[in-house]
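Chemist: Build me a structure from this.
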Amino acid sequence: MFPKHVRTHHRLHHGHKPEELDFLIRRESVSGGATSSQMQREFGRLNEEEKENLLKGVGLRPGIPSGAGLLLKANLALSWNKLRHLRRWLRNWNVSLDSESKDREKAKGMTSPLVAEQLPFTFTVKGPDGKLATEVRLASCVCLEDISSTVLQRLDLLEREGKLTWHGVIPSDEIWLKIGGDKGGGSTKAVFELCNVAHPNSIENTIVWNIFQAPDRRHNIETAYKINLSQINALCGTMWK
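Modeler: Sure thing, here's the model as predicted:
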């Protein structure tokens with residue numbers, strides 16, 4: 001005789017074969033009605049290969065929370081191409097990420113408006129006589145439309161997350177902003193970093209505000225930064241709170 005609480009099994013296991021139903025009834029009896037906990041214990045006793053085969057057998061794909069792909073991309077400084085390779089690799093282990101199209105759609109609502117244009121930059125080339133010469137040609141330049149609003153939004157986010165700090169050095173009524181740049185891979189990038197965080201030089205705190213496909217010459221820098229220079233100067237007198 002099974003305990004009376006088992007008599008509800010016909011509502012829980014409708015559609016099973018007789019031998020399956022008998023097994024499920026016994027599991028419910030052994031567990032005292034706590035079938036989920038019993039199945040967890042049974043699953044926990046399996047080795048890793050058995051667990052993997054079981055999950056594949058029932059077609060279960062462990063999912064990573066929606067939006068996690070963008071976090072991976074940002075925290076690991078991955079390009080879209082590298083994230084694509086990572087997504088394929090995870091799929092081999094039965095782990096799924098959001099599709100790239102979904103990630104790109106989410107990213108649109110998380111990025112600041114951009115300005116993209118072709119500008120006249122200077123390049124060093126070899127002339128007909130074999131001597132080095134300067135050539136002017138159009139090349140791509142992309143920058144933030146408004147650095148000021150991006151910095152203020154960033155400050156609001158850091159404040160909500162409780163990540164702002166003054167390090168015991170920065171005056172309590174000041175926000176310090178570091179402007180820097182880097183040349184590499186055929187492009188020149190300009191970044192800013194807020195100093196009022198625990199790790200100012202971390203990748204997570206480094207925001208690219210301008211990038212152009214040309215050498216980091218004075219003329220090229222002045223040409224590329226013409227949109228943002230006045231905004232950066234205006235930041236010096238901006239009141240945040």
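Chemist: Against A68, how distant is A107?
Modeler: Per CB to CB, to the nearest Å, A107 is found 13 Å from A68. In this view, the C-beta of every residue, glycine as well, is placed from N, C-alpha and C.
Chemist: That should have said K56, apologies.
Modeler: 22 Å.
Chemist: My reading is that L86 lies in a helix. Confirm?
Modeler: Yes. Using DSSP: H, G, I helix; E, B strand; the rest coil, the secondary structure at L86 is a helix.
Chemist: okay, now it: neighbour count?
Modeler: Counted with other CB atoms under 10 Å, the neighbours of L86 add up to 16.
Chemist: pretty sure it is touching W80, no?
Modeler: No. L86 is beyond contact range of W80, at 10.6 Å (criterion: CB atoms under 8 Å).
Chemist: Looks like S140 contacts Q213 (just checking).
Modeler: Yes. Between S140 and Q213 there is a contact at 4.9 Å, judged by CB under 8 Å.
Chemist: Identify the contacts common to the two.
Modeler: Common neighbours of S140 and Q213 are not found (criterion: CB atoms under 8 Å, 6 or more residues apart in numbering).
Chemist: More neighbours: which of the two?
Modeler: Q213 (18 against 14).
Chemist: Look up the pLDDT of R27 for me, please.
Modeler: On pLDDT, R27 comes in at 70.
Chemist: List the contacts of it.
Modeler: T35, Q38, M39.
Chemist: can we see that at 7 Å?
Modeler: Applying CB atoms under 7 Å, 6 or more residues apart in numbering, we find R27 in contact with T35, Q38.
Chemist: E145 too?
Modeler: Contacts of E145 by CB under 7 Å, 6+ apart are S112, P113, L114, V115.
Chemist: Which ones among these map onto strands?
Modeler: Mapping the contacts of E145 onto strands (DSSP state E) picks out L114, V115.
Chemist: Switch the contacts of E145 over to CSV; also include neighbour count.
Modeler: Output for the contacts of E145, formatted as CSV (neighbours: other CB atoms under 10 Å):
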residue, neighbour count
S112, 15
P113, 9
L114, 10
V115, 13
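Chemist: now, which of the contacts of E145 sits nearest K51?
Modeler: S112 (43.9 Å; CB to CB).
Chemist: which SSE is A133 in?
Modeler: According to DSSP states H and E, A133 maps onto strand 132-144.
Chemist: Pairing partners for that strand, with directions?
Modeler: strand 114-126 (antiparallel), strand 206-212 (antiparallel) (DSSP bridges).
Chemist: where's G162 relative to Y225, distance?
Modeler: 33 Å.
Chemist: helix, strand or coil for K178?
Modeler: Applying three-state DSSP: K178 is strand.
Chemist: Surely it touches E193?
Modeler: Yes. Using CB atoms under 7 Å, K178 is in contact with E193, at 4.6 Å.
Chemist: Export only the CA atoms of the strand holding A133, formatted as PDB.
Modeler: The C-alpha trace of strand 132-144 is given here as PDB (Å, rounded to 0.1, in the frame of the first residue of the first chain):
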ATOM      1  CA  LEU A 132      58.300  60.000 -49.200                       C
ATOM      2  CA  ALA A 133      55.500  62.500 -49.800                       C
ATOM      3  CA  THR A 134      52.300  63.600 -48.100                       C
ATOM      4  CA  GLU A 135      49.000  62.700 -49.600                       C
ATOM      5  CA  VAL A 136      45.600  64.000 -48.600                       C
ATOM      6  CA  ARG A 137      42.700  61.600 -49.000                       C
ATOM      7  CA  LEU A 138      39.300  61.000 -47.500                       C
ATOM      8  CA  ALA A 139      39.000  58.400 -44.700                       C
ATOM      9  CA  SER A 140      36.400  57.400 -42.200                       C
ATOM     10  CA  CYS A 141      35.900  59.100 -38.800                       C
ATOM     11  CA  VAL A 142      33.300  58.200 -36.200                       C
ATOM     12  CA  CYS A 143      32.700  60.100 -33.000                       C
ATOM     13  CA  LEU A 144      30.200  60.600 -30.200                       C
END
